[in-house]
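Q: Just to be clear, the model below is a prediction. Sequence and coordinates:
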Amino acid sequence: MADRIIDVYMVANGLYHDIDYARQELLKLLAEHENVRVKVAADYSDVEGIAASDFLITYCCHLIPSEEEQVALRDYISSGKRWIALHGTNAILDFGDEGVACPERAPIFMETLGSQFMAHPPIAPFTVKITDPEHELVAGINEFDTDDELYICKMHGEHHALLHTDFTGTCDGFVNRDWPDDEPRVMYYLHPVGTGEVIYNCLGHCRGHYDMRPVTDYYPVIEKGSWDKPEYYELLRRSIKYCVDRVV
């Protein structure tokens, strides 16, 4: 760990999730490191601020950077920095008569992240399995059940899978509805970009009563997803420590 203040840049914003809750929980975890200082923003427009930070952490959904910002993010990571990207950071959502489409219109962004969200089945319990039990980010964590959004993603480039689950079937409400193949659905991975890397965790859905506007003013069910699981907090803690320890 660097023997100095570590500057972290957090972007937390987006649609249909309890961003306030996720932001608060992540700030608590970052505060466990006394030399970490955090700047929080609602988008990626402060490219100079991001470039000056030691690592980036994002909890977003349908927050799409401009092409200039995409290039800046790619260059930032490829220069040797790290990015903890959570849940819907890789999601683009277009709502239409045929369902929710996930258009591939930000290729630099998704190639930097290493994946793009395509669909998820209705929220229901599933088992998260350990893909590489020897890796420090997951070693000693047993497989666990969670009640979360099971992300099905299109993967880009090289990635080192750490967690996965299994799913074949249909994702009602999405244009990309049918997923008959039996490929493992990667939930947590490392993706190298130049001399840096992205640490992507697809888990972590959360939604409160007031997070589905303008679709509805009041959503009847509070959803905490994997935020109710101690294993998820351990994964987040390890991701943060992984980045802190590699600041030079």
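A: It's in.
Q: how long is stretch 13-33 end to end?
A: Using CA to CA, to the nearest Å, one end of stretch 13-33 lies 24 Å from the other.
Q: Now do it: everything it contacts.
A: When contacts are defined by CB atoms under 8 Å, 6 or more residues apart in numbering, stretch 13-33 is touched by residues 6, 8, 10, 12, 36, 38, 40, 42-43, 57, 59-63, 86-88, 91, 93, 204-208, 211-212, 215, 227, 233, 236-237, 240-241, 244. Quick note: C-beta positions are derived from backbone N, CA and C, even for glycine.
Q: so which helix or strand takes in the closest residue to F144 other than its chain neighbours?
A: Spatial nearest neighbour of F144, excluding adjacent residues (CB to CB, 6 or more residues apart in numbering): E231 at 4.6 Å. In this structure, E231 is located in helix 230-245 according to DSSP states H and E.
Q: I'd like the mean pLDDT over that helix, please.
A: Averaged across helix 230-245, pLDDT comes to 98.
Q: And stretch 197-217, by the same measure?
A: In this model, stretch 197-217 carries a mean pLDDT of 97.
Q: Counting neighbours, which bits of it end up buried?
A: 197-208, 211-212 (16 or more other CB atoms under 10 Å).
Q: Could you export it as PDB, CA atoms only?
A: Taking C-alpha atoms only, stretch 197-217 is exported to PDB below (Å, rounded to 0.1, in the frame of the first residue of the first chain):
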ATOM      1  CA  GLU A 197      -7.200  -3.500 -15.300                       C
ATOM      2  CA  VAL A 198     -10.900  -3.400 -14.600                       C
ATOM      3  CA  ILE A 199     -12.400  -5.300 -11.700                       C
ATOM      4  CA  TYR A 200     -16.000  -5.900 -12.600                       C
ATOM      5  CA  ASN A 201     -18.700  -7.300 -10.300                       C
ATOM      6  CA  CYS A 202     -22.100  -7.800 -11.900                       C
ATOM      7  CA  LEU A 203     -23.800  -8.400  -8.500                       C
ATOM      8  CA  GLY A 204     -25.300  -5.700  -6.300                       C
ATOM      9  CA  HIS A 205     -28.800  -4.800  -7.500                       C
ATOM     10  CA  CYS A 206     -30.700  -2.500  -5.100                       C
ATOM     11  CA  ARG A 207     -34.000  -0.600  -5.500                       C
ATOM     12  CA  GLY A 208     -36.100   1.400  -3.100                       C
ATOM     13  CA  HIS A 209     -39.700   2.700  -3.200                       C
ATOM     14  CA  TYR A 210     -38.800   5.800  -5.200                       C
ATOM     15  CA  ASP A 211     -36.300   4.500  -7.700                       C
ATOM     16  CA  MET A 212     -38.600   3.600 -10.600                       C
ATOM     17  CA  ARG A 213     -39.700   7.100 -11.600                       C
ATOM     18  CA  PRO A 214     -41.000   8.000 -14.200                       C
ATOM     19  CA  VAL A 215     -42.300   4.500 -14.700                       C
ATOM     20  CA  THR A 216     -44.100   4.600 -11.400                       C
ATOM     21  CA  ASP A 217     -44.000   7.000  -8.500                       C
END
